[in-house]
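Novice: Let's see this in three dimensions:
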Amino acid sequence: MSLFRLKDSAYWWYAFYFDGKRYRKSTKKTKKTAAAVVEAGLLACLQQGDAIELGGMKPPVLRDVGVRFLDG
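Specialist: Residues are numbered from 1 along each chain as shown. All right, here's what the predicted structure looks like:
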């Protein structure tokens, strides 16, 4: 686990791997201790197996949904 700041950002970011998946996002916190709490909370949820929505779903691709409209 690591907390870091981007060059042009006032916020702390986290970046770590869990079960082979990378998690990297802003904590939206300017204090390092508050950011560490956010990071620890996320890791605890992941370890418990709770589903987490971190960034929303990817937008649909036309080739995947186009069949619906072209067949009918």
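Novice: contact partners of the helix or strand hosting residue 35?
Specialist: Assigned by DSSP states H and E, residue 35 belongs to helix 32-48. Here helix 32-48 makes contact (C-beta atoms under 8 Å, 6 or more residues apart in numbering) with 1, 3, 11-12, 14, 16, 18-19, 23, 27-29, 52. (C-beta placed from N, C-alpha, C; glycine too.)
Novice: pLDDT value on the nearest residue to residue 12 once chain neighbours are set aside, please?
Specialist: Spatially, and ignoring its direct neighbours in sequence, residue 12 is nearest to residue 35 (3.5 Å; C-beta to C-beta, 6 or more residues apart in numbering). Reading off the confidence values, residue 35 has pLDDT 95.
Novice: quick revisit: in strands only, show me the contacts of helix 32-48.
Specialist: Assigned to strands by DSSP state E, the following of the contacts of helix 32-48 qualify: 3, 12, 14, 16, 18, 23.
Novice: Make a PyMOL selection of whichever of the residues you listed turn out to be buried.
Specialist: Restricted to buried positions by 16 or more other C-beta atoms under 10 Å, the PyMOL selection for the ones in strands among the contacts of helix 32-48 reads:
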select buried, resi 3+12+14+23
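Novice: thinking again about what came up before, point out the least confident one among the contacts of helix 32-48.
Specialist: The weakest per-residue confidence within those falls on residue 1 (57).
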